[in-house]
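[1] Turn this into a structure:
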Amino acid sequence: MKQPKKIPYGLTNYHSIRTENYAYVDKTRFIEQIENEPTKYFFLIRPRKFGKSLFLSTLRHYYDICHANKFNELFGDLYIGKNPTPRRNAFFFMKFSFSGLDTTSPECFKIGFTEAIRSSISFFLVEHISIFENYEELRKELWTLNSVRGYIEFAFEIIKKFDRKAYIVIDEYDHFANDLIAQGTNLSIEQYRQLIWANGVVRDFYETLKDNSEAAIEKIFITGVTPIMLDDVTSGFNISDNLSIEERYNEILGFTEDEVEFFRQEVGIDKSAIKVDMKYLYNGYKFHADGENRLYNSSMINYFFLQVTRNREKIKYLMDFNLKTDYGRIKMLLDKPENIENLEELIEFGNVREDVMPRFSIDRIHEKQNFRSLLYYLGLVTIDRDEKSGKALLRIPNYTIKTMYWEYMENIIMERNPKMTYGVSGTYGSLATMAIDGDYRPFFDNFHQNFIARISNRDLRRFSEMNVKFLLLSIFFQNNIYLPISEAENSAGYADIYLQRRSELYPKIVSDWVVELKYIRQADADDEKLFEMKKTEAYEQLQRYKSSAFFKDRTDVRYLVVVYTGKKGYFIDEV
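    Here you go, the predicted model:
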């Protein structure tokens, strides 16, 4: 029997993964593809945790001359090992990374950025210590220099003596800019202008690379999350080929369905141990509207399989909290009402008719198309094509991302209405009563008293059925008793909320629930005719759902009509 391989959750070192019995999904065909591109400079944008750093590490071990004696061990059984290119292990590999820089002031940033360059050159010397016989002299000379240009040209002069060129990668080129954007204030935009436009240290870096590109550089491969710095960087350095938007590179990062299946077999997980619909939870990404395959976020798959191996089928948390923290940065952009409206529209309809902007500047980030494009680059929407019109659209890629939108909206509502927070703890016990005893009234009583009845008069004027649903969905999801599904599709339409019990965690819970939700605004709370109309509509919809192919003849599903009349009260009935 084949020994299962380990799950490389959080690992980005290619050498460790390949030599310490970790599973690896072969993406090396793209090394050949990139090498055959006619241009020298490449740019690849992908969301966080999609495997960018691991791919750069793969490039390091393929192209760096100091890893030539390990080629067969590291690549022999992979595509590129069986189809090696003429330039394998032919260069001095040099990596720069700009995460964790201090952006509190232009001076602090300049010091931190300069130090990051010096540290990268220092690491370059250490990596090639077996080649540099005078390593100690070189290290001491490096410390006598004090400028970005000086550090880089010092390294290039060393490389030229070996009649070689450098293969350069720049990881997280935009990290410090994204930190500023995530603050969501006009002040942060002004800081960006001071750091990037007024402070010449970033421009010096790219201009130095450009000035030495012919004599000392073979390729430059740049990765990041957003395109917001492209215009600013381009003025000092010509990035000529943006692979991010090319259909042929749709699958360069992330996992296809077949790759997930290969990965599952490699780590030895039996299909019977997977009690959830992985495709529904994690799949759905495309990076070109016409891309052949939809993709999984590789970090999500690593996390999920790790939970399966540790907890078998009893996985309480389906979302990686580390990834959730990264995506949570978008919350800081919601200080503008128009951005909140953009999110509400996206959540309500599941998609918006929009194409992705290939680049935009930081001072135009809150414009509708740019903000929606930013969601795409952050991995919170994906690009697709409308089947009827053929036009591009942006949509929420999967259930996991959808749950974060519910939480965003819940947080917005509760921040405006702080009294609601006192009712959160009471939902846990009452939802357990609904699940175990089948008594749904305590939960909906609690929800009305502690949430709906505490809406501020300001918010009440614009409160809608959609807002009520956001709150309910977020509460259901956070309790982990049910897998709540919004607009659950069946042959008779779309149910507002379908609560699918998590029987792998709570086998004693015997019922799913379908909730058809209606909301009457406070101004119309006393309109009996409107109330009767809404109630009748809900009954009719539930009757249709009950007779649909998905729900017909099922005895494990219960159906609720719930009609809220502003703060006044609510009506609930089981059908």
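
[2] The longest helix that the chain contains - contacts with which helices or strands?
    Identified as the longest helix of the chain according to DSSP state H is helix 106-127. The contact analysis (3 or more CB pairs under 8 Å, 6 or more residues apart in numbering; DSSP states H and E) places helix 106-127 against strand 92-97, helix 135-142, helix 148-160, helix 201-211. Glycine gets a C-beta too; all of them are placed from N, C-alpha and C.

[3] most packed of those?
    Ranked by mean neighbour count, these are led by strand 92-97 with a mean of 22 (mean count of other CB atoms under 10 Å).

[4] Sheet partners, orientation included, of that strand?
    Strand 92-97 sits in its sheet next to strand 166-171 (parallel), going by DSSP bridges.

[5] outside of the strand it pairs with, which residues touch it?
    52-53, 56, 59-60, 63-64, 91-99, 155-156, 159, 209, 216-223 (CB atoms under 8 Å, 6 or more residues apart in numbering).

[6] Okay, angle between the longest helix of the chain and helix 201-211 too, please.
    Put simply, helix 106-127 runs at 40 degrees to helix 201-211, going by axes from the mean of the first three to the mean of the last three CA atoms, to 10 degrees.

[7] What residues of helix 106-127 count as buried?
    106, 109-110, 112-114, 116-118, 120-122, 124-125, 127 (16 or more other CB atoms under 10 Å).

[8] That one: how far from the chain's middle?
    From the chain centre to the centre of helix 106-127 is a distance of 28 Å (CA atoms, centre = their mean, to the nearest Å).

[9] Dump that helix to PDB, keeping only the CA atoms.
    These are the backbone C-alpha positions of helix 106-127, laid out as PDB (Å, rounded to 0.1, in the frame of the first residue of the first chain):
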ATOM      1  CA  PRO A 106       8.000  58.300   4.700                       C
ATOM      2  CA  GLU A 107      11.300  58.200   6.600                       C
ATOM      3  CA  CYS A 108      10.400  54.800   8.300                       C
ATOM      4  CA  PHE A 109       9.300  53.400   5.000                       C
ATOM      5  CA  LYS A 110      12.500  54.500   3.300                       C
ATOM      6  CA  ILE A 111      14.700  52.900   6.000                       C
ATOM      7  CA  GLY A 112      12.600  49.700   5.900                       C
ATOM      8  CA  PHE A 113      12.600  49.500   2.100                       C
ATOM      9  CA  THR A 114      16.300  50.100   1.800                       C
ATOM     10  CA  GLU A 115      17.000  47.500   4.500                       C
ATOM     11  CA  ALA A 116      14.700  44.900   2.700                       C
ATOM     12  CA  ILE A 117      16.900  45.300  -0.400                       C
ATOM     13  CA  ARG A 118      20.100  44.900   1.500                       C
ATOM     14  CA  SER A 119      18.800  41.900   3.300                       C
ATOM     15  CA  SER A 120      17.800  40.300   0.000                       C
ATOM     16  CA  ILE A 121      21.300  40.800  -1.400                       C
ATOM     17  CA  SER A 122      22.800  39.500   1.800                       C
ATOM     18  CA  PHE A 123      20.600  36.300   1.500                       C
ATOM     19  CA  PHE A 124      21.700  36.100  -2.100                       C
ATOM     20  CA  LEU A 125      25.300  35.900  -1.000                       C
ATOM     21  CA  VAL A 126      24.500  33.300   1.600                       C
ATOM     22  CA  GLU A 127      22.600  31.100  -0.900                       C
END
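
[10] what is the mean pLDDT for it?
    Taken as a whole, helix 106-127 has a mean pLDDT of 93.

[11] Can you give the contact residues for it?
    With CB under 8 Å, 6+ apart, helix 106-127 has contacts from 64, 66, 92-98, 101-103, 132, 135, 138-139, 142, 145-148, 151-152, 154-155, 176, 191, 194-195, 198-199, 201-202, 205.

[12] Specify the angle between it and helix 135-142 in degrees.
    170 degrees.

[13] check contacts around the residue nearest the centre of the chain.
    What sits nearest the mean C-alpha location of the chain, by CA atoms, centre = their mean, is residue 379, with 3.8 Å. For residue 379, the contact set (CB under 8 Å, 6+ apart) comprises 47, 48, 50, 285, 297, 327, 397, 401.

[14] run the last query once more with 10 Å
    The neighbours of residue 379, taking CB atoms under 10 Å, 6 or more residues apart in numbering as the test, are 46-50, 225, 254, 285, 297, 300, 323, 326-327, 330, 397, 401.

[15] can you pull the buried residues of the helix or strand that residue 498 is a member of?
    Using DSSP states H and E, residue 498 maps to strand 493-501. The neighbour-count check on strand 493-501 (16+ other CB under 10 Å) flags 495, 496, 497, 498, 499, 500, 501 as buried.

[16] give the contact list for residue 516.
    493, 495-497, 535, 537-543, 545, 559-563, 575.

[17] so it is in which element?
    Assigned by DSSP H and E, residue 516 falls in strand 512-520.

[18] would you list every one of the helices in the stretch 451-575 of the chain?
    457-460, 465-479, 528-546 (DSSP state H, counting those that start in this stretch).

[19] Next, the angle from the last one to strand 512-520.
    Here helix 528-546 runs at an angle of 160 degrees relative to strand 512-520 (the same axes, to 10 degrees).

[20] can you tell me the average pLDDT over helix 528-546?
    94.

[21] do the first one as well
    For helix 457-460, mean pLDDT rounds to 79.

[22] chain center to that helix: distance?
    33 Å.

[23] Equivalent analysis for the longest one, please.
    Averaging C-alpha positions (CA atoms, centre = their mean) puts helix 528-546 38 Å from its chain's average.

[24] What residues sit buried inside it?
    Under the neighbour-count criterion of 16+ other CB under 10 Å, helix 528-546 has 531, 534, 535, 538, 541, 542, 545, 546 buried.

[25] Next, format these as TSV and append distance to residue 76.
    TSV is the format used below for the buried residues of helix 528-546 (distance: CB to CB, whole Å):
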residue	distance to residue 76
531	72
534	67
535	69
538	63
541	60
542	60
545	56
546	59
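
[26] which of these lies closest to residue 17?
    Within the buried residues of helix 528-546, proximity to residue 17 (CB to CB) peaks at residue 545, which comes in at 47.3 Å.

[27] which residues does that closest one contact?
    Residue 545 touches 488, 490-495, 498, 514, 516, 551-552, 557, 559, 575, counting by CB under 10 Å, 6+ apart.

[28] where does the stretch 451-575 of the chain dip in pLDDT?
    The stretch 451-575 of the chain contains residues with pLDDT under 70 at 489-492.

[29] Setting aside sequence neighbours, what's the nearest residue to residue 361?
    In this structure, residue 361 finds its nearest non-sequential neighbour in residue 231, 5.6 Å apart by CB to CB, 6 or more residues apart in numbering.

[30] actually residue 342, not the one I typed
    Counting by CB to CB, 6+ apart, residue 342 lies nearest to residue 371, which is 5.7 Å off, once chain neighbours are set aside.

[31] sorry, back to before: reformat the buried residues of strand 493-501 into a markdown table and put distance to residue 24 next to each item.
    As requested, the buried residues of strand 493-501 are exported to a markdown table (distance: CB to CB, whole Å):
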| residue | distance to residue 24 |
| --- | --- |
| 495 | 41 |
| 496 | 43 |
| 497 | 40 |
| 498 | 38 |
| 499 | 39 |
| 500 | 34 |
| 501 | 37 |
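
[32] for these, which one is nearest residue 526?
    Nearest to residue 526 out of the buried residues of strand 493-501 is residue 496 (CB to CB; 24.0 Å).

[33] what is the residue lying closest to that closest one once chain neighbours are set aside paired to in the beta sheet?
    Residue nearest to residue 496 in three dimensions, not counting chain neighbours: residue 517, with 4.3 Å by CB to CB, 6+ apart. On the basis of DSSP bridges, residue 517 is bridged to residue 562.

[34] Just give me the neighbour total for residue 517.
    Using other CB atoms under 10 Å, residue 517 has 20 other residues around it.

[35] Please verify my assumption that it contacts residue 494.
    No - when contacts are counted by CB atoms under 10 Å, residue 517 is not listed as touching residue 494 (11.8 Å).
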